[in-house]
Structure formats: structure tokens, C-alpha cells
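heads up, no residue letters with this:
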């Protein structure tokens, strides 16, 4: 397993590459060009700039999260041809600097939804929180206004340019069905996967977060059955998934360990995090420790170990602890703790198999 760490770029992340370098076992940074709008072709010089920054710290840039998909592609509009071509050119440019995996999603309008960016927990830390009844009784404009008040850093998936078109987008998705979204996803994959095969890029779709429909918008990457359908509509090893335990785990019916064992060869990127579900449908993001949440984190890591997973993994969202001022979900401290918890499980599994675990003695 290759441990990587999400980094939002020079001048756009309070966490520095030198700090990430000090987390044991991290070999690369997960990155993107967050100032570019979905549908833009990524400039070669900007991609090379990121590689040069990472090279200084001997980090790989193998995983990009995300090359966002333009809404016209999801909607199946005639203009999608132009945006798919830009996407193809971006795949080629990323391959030229050694990128191996592109994480993306196919969620209409909103990449992820929470109702509170900094909900206080019993121990005084704060975390991302989802309140079911509030979402069910809220106008999406109200949610956008709530998030737009956060000005400290960019929120991926909540770019002002996209949110400024909210009414237009909701009108476009009026009467839009899941099957229509499936058709448009297949159309997209049928055009980009042959390019991904040629340039040795693994495409890894991220599950919907949370994995159910909201505000009348269809969501289709939500469970084992839908993932199986995704992998079959374009049956190529380059068409795979980012298996996010936190996103899928919000639905208690999803057995994450079972999915890992079933889809192992098509999991190109693993997001490992814990959440605590409540009976009323709410959930909050917790520490990675299994006993702090509702997910079987030990079983999840064991499933990866059992299948001999050699892909990329990162600790996903963490709490905000020790008074750290950070982008919601993306503090340094709790994600570093999460990495060490994951490595602790992994090393124990290695030892139980009788395999050597490297120990630094000096």
C-alpha cells in the first residue's frame, strides 16, 4: 500500500510540504489545480510546476484529485464534446509527468454535502457534520449561502463560479433521472477510457457523498450494485474506483470490507476514514480510531491487506484538533494521527503473517 496525503497547493494550503514530509510512510501528495474551472484543459506549465514542487521533497505526484467533470457532460448537452476533448488532452498532459491515477466524480451540482463545517464534539474538537432533517427541509440556496460565508480557503466542489449558476443548474436537472445520468456517464467513459488505456492512467470514480439523492438530484455511485454496474459498462482495468469508506459508510447497508474483496483489482485509490452514524440519519466525521465511530476500520484495513493491495491510500477527512486553523476536514494533525493508526493496523497484520516490519533504531 502506498500512503499519500492530499495537498491543495502552494499558497492554497496551510499545511506545508515540509510538514507532510515528517509524517512516516508518506510517499506522495494528492493534488489538483484547484483554481481551474471544470472543463478547462490543464496547462502543461502548471502541471510541471506542481511536479517541480513535489520533487524538492522527493514526493511522487502519482494521484490527482480531481480533474472535475463539466456539468454539460453530466447533462449530456451538445457542448459536452468540447469538454470531453479538453479532458482527454488533460489526461495526456498528466501522463507526461508520471501521473498514474485520476480521481473524479459524477455527482450533479454538489460534490459533497454537509450542514456544518465545524460541529463541536464532546472532546472539544470540531468536525464536518451532516444533519438529515436540516437537508430535507432546506432550500439548496440556503446551504450555498451558509458555505459562502466561509472565506478562509477554497472548498473543493463549492467553487463560487459553479454556485453562482445554482438556479440555472437546478432547472437543467429538472426531471433528470438516474438512467439519464448513467447514459451520460457511459458516454463519457467510452471516450476517455481508451485514452487512459493508451497512456496508462487509471480512472477512479469517487462515490457520491453522501450516497443518496438530495434536493431531487440523482446520485448513482452509492452501493455495491451500482459500483458493479459502473465497472461493467466499460469493462477495462483502467475504469475503476476510489473506494471511500466514509462516503459509502454513511449508509449502514454498505459493507465496505466486502466491497474491497469484491472489487479489489479495480480499486485504484482508497480513502480511509471513520464516521459516527446516528439513528435519526445524522452523521459526524470522527477520528480514524474504530471505537470512535461506526465503521469497522480494522476490518477495512485488513481487507486491503488480505487482497495484497498495492494501490494508493490516504487518510480522508480528519477532525480539527489542538486549535489548528485549517480547511474543513483537512487539518494536518488529525490526518497524521489517522495515518499512524492505519500503519499500526497494517504493521500488526504484517507481523502476524510473519513478514518483516522495518524498524528505525537510530
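Received it, and whenever you're ready, just let me know what you need. This one's a predicted model, so the numbers in the text were calculated from it and none came from an experiment.

Going by C-alpha atoms from here, please, whenever you check contacts or count neighbours.
Noted.

Start and end of stretch 214-234, how far apart?
27 Å (CA to CA, to the nearest Å).

for it, which positions count as buried?
217-224, 227, 230-231, 233-234 (16 or more other CA atoms under 10 Å).

Does residue 169 lie in a helix or a strand, and which?
Element membership for residue 169 (DSSP states H and E) is helix 166-172.

ok, and what's touching that helix?
Helix 166-172 is touched from outside by 75, 109, 141, with contacts defined as CA atoms under 8 Å, 6 or more residues apart in numbering.

same deal with stretch 240-251?
Contacts of stretch 240-251 (CA under 8 Å, 6+ apart): 103, 202-211, 222-223, 227, 231, 254-256, 260, 266-275, 277, 283, 295, 316.

which residues in the stretch 201-350 of the chain form helices?
224-233, 245-249, 256-263, 297-306, 332-352 (DSSP state H, counting those that start in this stretch).

Now do the same contact list for residue 277.
250, 283-284, 293-294.

Swap in 6 Å and give it another go.
residue 283 (CA atoms under 6 Å, 6 or more residues apart in numbering).

shaky segments in the protein?
149, 151, 355-362 (pLDDT under 70).

So for it, the centremost residue is which one?
Among the residues of the chain, the one closest to the centroid is residue 206, at 5.6 Å (CA atoms, centre = their mean).

wait, isn't that one in contact with residue 106?
No. With contact defined as CA atoms under 6 Å, residue 206 does not reach residue 106; the gap is 7.9 Å.

In the beta-sheet assignment, what are the partners of the nearest residue to residue 267 once chain neighbours are set aside?
Among residues not flanking residue 267 along the chain, residue 241 sits closest, at 5.1 Å (CA to CA, 6 or more residues apart in numbering). Beta-bridge partners for residue 241, by DSSP bridges, are residue 205, residue 267.

Next, count neighbours for residue 241.
28 (other CA atoms under 10 Å).

Residue 26 now?
19.

what's the answer for residue 152, then?
Neighbours around residue 152, by other CA under 10 Å: 11.

Spit out the contact partners of it.
Applying CA under 6 Å, 6+ apart to residue 152 gives no contacts.

separation between it and residue 52?
In terms of CA to CA, residue 152 sits 26 Å off from residue 52.

List the buried residues for stretch 318-334?
Within stretch 318-334, the residues that count as buried by 16+ other CA under 10 Å are 318-321, 326-334.

How far off centre is that stretch?
Stretch 318-334 sits 17 Å away from the centroid of its parent chain (CA atoms, centre = their mean, to the nearest Å).

Residues contacting it, please?
117, 125-127, 317, 335.

same question, stretch 180-196
74, 76.

now the buried residues of stretch 214-234 in CSV, with distance to residue 41?
Formatted as CSV, the buried residues of stretch 214-234 follow (distance: CA to CA, whole Å):
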residue, distance to residue 41
217, 27
218, 27
219, 26
220, 26
221, 25
222, 29
223, 31
224, 32
227, 28
230, 25
231, 26
233, 26
234, 24
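
Out of the contacts of stretch 318-334, which is nearest to residue 4?
Taking CA to CA as the measure, residue 4 sits nearest to residue 335 out of these, at 11.0 Å.

Leaving out the residues flanking it, which one is nearest to the closest one?
Residue 335's closest residue in space is residue 318 (CA to CA, 6+ apart), at 5.3 Å.

got the phi/psi numbers for that neighbour?
phi -120, psi 170 (degrees, to the nearest 10).

Could you save the contacts of stretch 318-334 as TSV and add columns showing distance to residue 289 and neighbour count?
As requested, the contacts of stretch 318-334 are arranged in TSV below (distance: CA to CA, whole Å; neighbours: other CA atoms under 10 Å):
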residue	distance to residue 289	neighbour count
117	21	17
125	15	17
126	16	23
127	15	23
317	13	26
335	11	25
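
Of the residues you listed, which belong to strands?
117, 126-127 (DSSP state E).

following the helix holding residue 169, which helix or strand shows up next?
helix 178-198.

how about that following helix: buried residues?
181-182, 184-185, 187-189, 192-196.

surely residue 64 meets residue 29?
No. Using CA under 6 Å, residue 64 makes no contact with residue 29, being 8.6 Å away.

Who has more neighbours out of these two?
Using other CA under 10 Å as the criterion, residue 64 and residue 29 rank with residue 29 on top: 25 against 20.

Distance-wise, check that one relative to residue 4.
For residue 29, the distance to residue 4 - CA to CA - is 5 Å.

so how far is residue 292 from the residue lying closest to residue 98 once chain neighbours are set aside?
Distances taken as CA to CA, 6+ apart place residue 62 nearest to residue 98, at 6.3 Å, with adjacent residues excluded. In this structure, residue 62 and residue 292 are 31 Å apart, going by CA to CA.

ok so, going back, pipe the contacts of stretch 318-334 into a markdown table and attach distance to residue 300 per row.
Shown next, in a markdown table, are the contacts of stretch 318-334 (distance: CA to CA, whole Å):
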| residue | distance to residue 300 |
| --- | --- |
| 117 | 26 |
| 125 | 25 |
| 126 | 25 |
| 127 | 22 |
| 317 | 16 |
| 335 | 17 |
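
Great, nothing more from me.
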